[in-house]
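> No letters, just coordinates:
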């Protein structure tokens with residue numbers, strides 16, 4: 001039997017249980033993977049709470065690295081023995097072994113170790129599409145990135161600096177501010193003690209920014225709109241404090257003919273060529289040292305409930321991984 005974290009109903013971290021599960025054999029287009037490390041992401045909380053619906057009972061998790069143990073009929077991208085990583089649906093990564101479709105897998109070079117691979121795929125490819133496709137950040141741009149000391153934020157600060165942009169990042173403590181600065185954030189704003197909208201306008205001499213990247217949601221959304229230049233883009237790619245609702249579209253007109261988008265990695269990398277390009281861009285920058293993947297926390301997979309508690313309490317910094 002294989003051990004996995006399961007949940008039979010939506011709820012708090014306490015619904016996560018460490019149990020025996022049957023893995024089964026891979027069908028056509030599927031592979032069986034033995035995991036060596038698993039990534040924790042805020043989207044895992046959305047599935048656990050029911051914000052994002054999933055069939056029940058189920059195993060959470062969208063990111064891991066491991067070795068291909070067995071392949072089903074028609075598999076063409078990987079072979080038995082390959083070291084692979086993934087970030088995307090179907091959920092089920094919180095397991096020692098699993099069966100999944102092969103079309104979400106990418107091979108990982110020896111230049112990247114297992115823990116780094118497990119920590120970088122979902123967050124790193126999220127940064128790739130945010131900075132290169134949702135809004136094409138260019139040299140000389142000034143951007144606002146919320147939660148700059150989180151896993152996505154630390155990668156985004158480095159990637160944006162690599163492009164040549166100026167990064168304004170919000171954080172929740174002075175310790176997190178120092179961490180963000182160490183990863184390339186030019187201006188940090190502690191949202192607990194400062195008015196971030198006022199500070200953004202001060203930093204930009206009243207001009208605002210062309211784009212805001214916001215994974216916080218309800219608590220920051222409206223003030224973020226006031227940080228934008230006319231015709232600026234609000235990128236709402238998460239909602240850690242709750243979903244944004246009841247937005248009057250007339251508000252966008254009144255605040256400067258603004259744009260709003262709610263993108264997801266699953267949409268941007270739904271086609272195999274997009275996934276391969278996104279992963280290749282990320283792997284190159286990690287392999288050559290441009291991007292440093294900061295692993296702030298490690299938990300054994302059986303401690304998933306504790307990890308979720310810490311993540312929701314904003315006690316984590318950088319990426320978090322599960323060991324096996």
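Everything's here; your move. Quick caveat, the model's predicted, so the values are computed rather than measured.

> In a strand, residue 35, correct?
Yes: Residue 35: assigned to a strand according to DSSP: H, G, I helix; E, B strand; the rest coil.

> pLDDT value on the residue lying closest to it once chain neighbours are set aside, please?
Distances taken as Cβ to Cβ, 6 or more residues apart in numbering place residue 66 nearest to residue 35, at 4.0 Å, with adjacent residues excluded. C-beta coordinates here come from the backbone N, C-alpha and C atoms, glycine included. Model confidence at residue 66, given as pLDDT, is 98.

> Check residue 204 too.
98.

> quick one: contacts for the nearest residue to residue 131 once chain neighbours are set aside?
The shortest distance from residue 131 to any non-neighbouring residue, by Cβ to Cβ, 6+ apart, is to residue 137 (4.7 Å). Residues in contact with residue 137, defined by Cβ atoms under 8 Å, 6 or more residues apart in numbering, are 131, 143, 160, 163, 165, 211.

> which residues does the spatially closest residue to residue 17 that is not a sequence neighbour contact?
Closest residue to residue 17 apart from its sequence neighbours, by Cβ to Cβ, 6+ apart: residue 6 at 5.3 Å. By Cβ under 8 Å, 6+ apart, the residues touching residue 6 are 16, 17, 19, 21, 57, 58, 59.

> what helix or strand does the third one sit in?
Looking back up the chat, that one is residue 19. Assigned by DSSP states H and E, residue 19 belongs to strand 17-21.

> Which strands or helices does that strand pack on?
strand 2-6 (3 or more Cβ pairs under 8 Å, 6 or more residues apart in numbering; DSSP states H and E).

> The strand it packs on to strand 17-21, inter-axis angle?
Taking axes from the mean of the first three to the mean of the last three Cα atoms, to 10 degrees, one finds that strand 2-6 is oriented at 140 degrees with respect to strand 17-21.

> mind listing the helices for this structure?
Secondary structure of the chain, counting by DSSP state H: helices at 42-49, 114-129, 151-163, 174-182, 196-203, 221-225, 249-254, 265-268, 272-287, 304-312.

> Using a markdown table, lay out those helices together with distance to residue 320 and mean neighbour count.
Shown next, in a markdown table, are the helices of the chain (distance: least, Cβ to Cβ, whole Å; neighbours: other Cβ atoms under 10 Å):
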| stretch | distance to residue 320 | mean neighbour count |
| --- | --- | --- |
| helix 42-49 | 10 | 21 |
| helix 114-129 | 8 | 26 |
| helix 151-163 | 7 | 25 |
| helix 174-182 | 14 | 18 |
| helix 196-203 | 25 | 18 |
| helix 221-225 | 25 | 20 |
| helix 249-254 | 35 | 11 |
| helix 265-268 | 17 | 17 |
| helix 272-287 | 17 | 17 |
| helix 304-312 | 6 | 20 |
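
> As TSV, these with distance to residue 323 would be great.
Formatted as TSV, the helices of the chain follow (distance: least, Cβ to Cβ, whole Å):
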stretch	distance to residue 323
helix 42-49	16
helix 114-129	8
helix 151-163	17
helix 174-182	22
helix 196-203	36
helix 221-225	36
helix 249-254	45
helix 265-268	24
helix 272-287	20
helix 304-312	11
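
> Select, out of those, the one closest to residue 36.
Nearest of the helices of the chain to residue 36, taken as Cβ to Cβ: helix 114-129 at 4.4 Å.

> Report the distance from that closest one to the chain centre.
Averaging C-alpha positions (Cα atoms, centre = their mean, to the nearest Å) puts helix 114-129 7 Å from its chain's average.

> what about it, average pLDDT?
For helix 114-129, the per-residue pLDDT averages 97.

> Would you mind measuring from the residue nearest the centre of the chain to residue 81?
Nearest residue to the geometric centre of the chain (Cα atoms, centre = their mean): residue 123, 3.3 Å. Residue 123 sits at a distance of 27 Å from residue 81 (criterion: Cβ to Cβ, to the nearest Å).

> Check residue 302 too.
Counting by Cβ to Cβ - residue 302 and residue 81 are separated by 27 Å.

> So which of those two has more stuff around it?
residue 302 (17 against 8; other Cβ atoms under 10 Å).

> show me the contacts for residue 142.
165, 166, 167, 168, 203, 204, 209, 210.

> at 7 Å instead, please
By Cβ atoms under 7 Å, 6 or more residues apart in numbering, the contact set of residue 142 is 165, 166, 168, 204, 209.
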